[in-house]
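Chemist: coordinates for the following, if possible.
(one chain, ligands or ions: 2)
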Amino acid sequence: MDARFLGIAELSATPSVAVVVDVMRAYTVAAWAFARGAEKIVLAGSLDEALALKGRHPDWMALKDGALAPGFDAVNSPGQLRSRDLGGRTVVQKTTAGTVGALAVKDAPLVLCAGFVVAEATARLLRERAGGNVTFVVTGEDGRADEDLACAQYVARRAAGEAVDAEPFLRRAGDSRAAAELAQGVRAGTHPEDVALCLELDRFPFAMVATQEDSLMVLRPYTFA
Ligand SMILES: O=C(O)[C@H](CS(=O)(=O)O)OP(=O)(O)O
Ligand SMILES: [Mg+2]
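Modeler: Residues are numbered from 1 along each chain as shown. Ligands and ions are numbered 1, 2, ... in the order given. Here you go, the predicted structure:
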């Protein structure tokens with residue numbers, strides 16, 4: 001497997017396989033949403049689109065990063081989301097980095113969204129499905145967010161079949177700017193356990209696959225047989 005690690009702005013051609021990484025916090029939140037019963041997550045391109053979707057589907061749950069805003073039901077916090085019952089619900093998610101990264105590769109034949117919580121399942125799906133080039137979209141900080149880069153590099157090595165000690169990768173993520181800002185309350189819409197929840201390696205057994213459905217980018221869990 002040939003792995004490339006690119007920021008969103010560095011994406012030029014449509015990759016054949018894309019792994020969109022957002023550890024803090026979009027794809028940790030998405031994984032928790034599925035763990036709490038959500039059926040699917042629609043990745044919205046803007047706050048207005050998220051609100052319009054919610055307007056057309058009042059039973060859907062609209063989620064944004066930052067502070068809660070009128071029309072939205074939840075924020076991008078795994079600590080807050082993990083106590084919600086989302087059984088059968090559709091979530092609409094709009095965040096600064098994670099959802100933008102997935103929409104940037106929406107035409108790729110295979111798009112996975114990942115964080116540490118689904119690292120091994122993501123690597124397993126890559127081992128099963130991706131033989132050649134894999135583009136890891138490092139969504140944070142123009143491709144330099146160390147929590148995302150560390151996770152991407154870890155998954156790439158596991159996908160290549162290497163035995164890898166996860167601890168240095170998790171430590172890098174824990175020392176990242178995003179972790180510090182979340183812990184210090186610099187970012188809005190947080191929970192005290194958000195950083196720890198984002199660093200739970202393989203918390204969930206499923207991968208997350210995004211596909212286009214009726215012009216929407218829709219994320220669903222992928223469970224192995
Ligand atoms: O909610 C998050 O952690 C970030 C937004 S911000 O950097 O805190 O403003 O969004 P994400 O797309 O999950 O990185
Ligand atoms: Mg992020």
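Chemist: what about V42, which SS state?
Modeler: strand (DSSP: H, G, I helix; E, B strand; the rest coil).
Chemist: hang on, isn't V91 packed against F34?
Modeler: No: the pair V91 / F34 is not scored as a contact, 9.0 Å apart, by CB atoms under 8 Å. (C-beta placed from N, C-alpha, C; glycine too.)
Chemist: common neighbours of these two, please.
Modeler: I41 (CB atoms under 8 Å, 6 or more residues apart in numbering).
Chemist: quick one, which of those two is more surrounded?
Modeler: V91 (25 against 22; other CB atoms under 10 Å).
Chemist: and the more buried one, what element?
Modeler: strand 90-94 (DSSP states H and E).
Chemist: next secondary structure after that strand?
Modeler: With DSSP H and E, the next secondary element past strand 90-94 is helix 98-104.
Chemist: one step back: elements contacting the strand holding V91?
Modeler: Contacts defined by 3 or more CB pairs under 8 Å, 6 or more residues apart in numbering; DSSP states H and E place strand 90-94 against helix 26-35, strand 40-43, helix 47-56, strand 61-64.
Chemist: same thing but 6 Å
Modeler: strand 40-43, helix 47-56, strand 61-64 (3 or more CB pairs under 6 Å, 6 or more residues apart in numbering; DSSP states H and E).
Chemist: any chance of TSV for these, columns mean neighbour count?
Modeler: Converted to TSV, the helices and strands packed on strand 90-94 look like this (neighbours: other CB atoms under 10 Å):
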stretch	mean neighbour count
strand 40-43	26
helix 47-56	16
strand 61-64	25
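Chemist: what pairs with the strand holding V91, parallel or antiparallel?
Modeler: Here strand 90-94 has these sheet partners by DSSP bridges: strand 40-43 (parallel), strand 61-64 (parallel).
Chemist: now check the following helix or strand past the last one, is it near ligand 1?
Modeler: Counting by DSSP H and E, the element after strand 61-64 in chain order, helix or strand, is strand 74-75. No: looking at strand 74-75 against ligand 1 by CB under 6 Å from any ligand atom, there are no contacts, and the closest approach is 7.6 Å.
Chemist: pLDDT averaged over strand 74-75, what's the number?
Modeler: Strand 74-75 carries an average pLDDT of 98.
Chemist: repeat for stretch 95-102
Modeler: 98.
Chemist: and that stretch, how far out from the chain middle?
Modeler: Relative to the centre of its chain, stretch 95-102 is centred 8 Å away, using CA atoms, centre = their mean, to the nearest Å.
Chemist: ok, longest helix in this structure?
Modeler: helix 146-159 (DSSP state H).
Chemist: can I get that helix in CSV, CA atoms only?
Modeler: This file holds the C-alpha atoms of helix 146-159, laid out as CSV (Å, rounded to 0.1, in the frame of the first residue of the first chain):
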residue,chain,number,x,y,z
ASP,A,146,-0.7,16.3,14.8
GLU,A,147,-3.6,14.4,16.3
ASP,A,148,-4.9,13.7,12.7
LEU,A,149,-1.4,13.0,11.3
ALA,A,150,-0.5,10.7,14.1
CYS,A,151,-3.8,8.7,13.6
ALA,A,152,-3.3,8.6,9.8
GLN,A,153,0.2,7.3,10.1
TYR,A,154,-0.8,4.7,12.7
VAL,A,155,-3.7,3.5,10.5
ALA,A,156,-1.5,3.4,7.4
ARG,A,157,1.0,1.2,9.2
ARG,A,158,-1.6,-1.1,10.5
ALA,A,159,-3.2,-1.3,7.0
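Chemist: up against ligand 1, what does the protein have?
Modeler: So the chain meets ligand 1 at 22, 24-26, 65-66, 76, 95-98, 140, 187 (CB under 6 Å from any ligand atom).
Chemist: great, nothing more from me.
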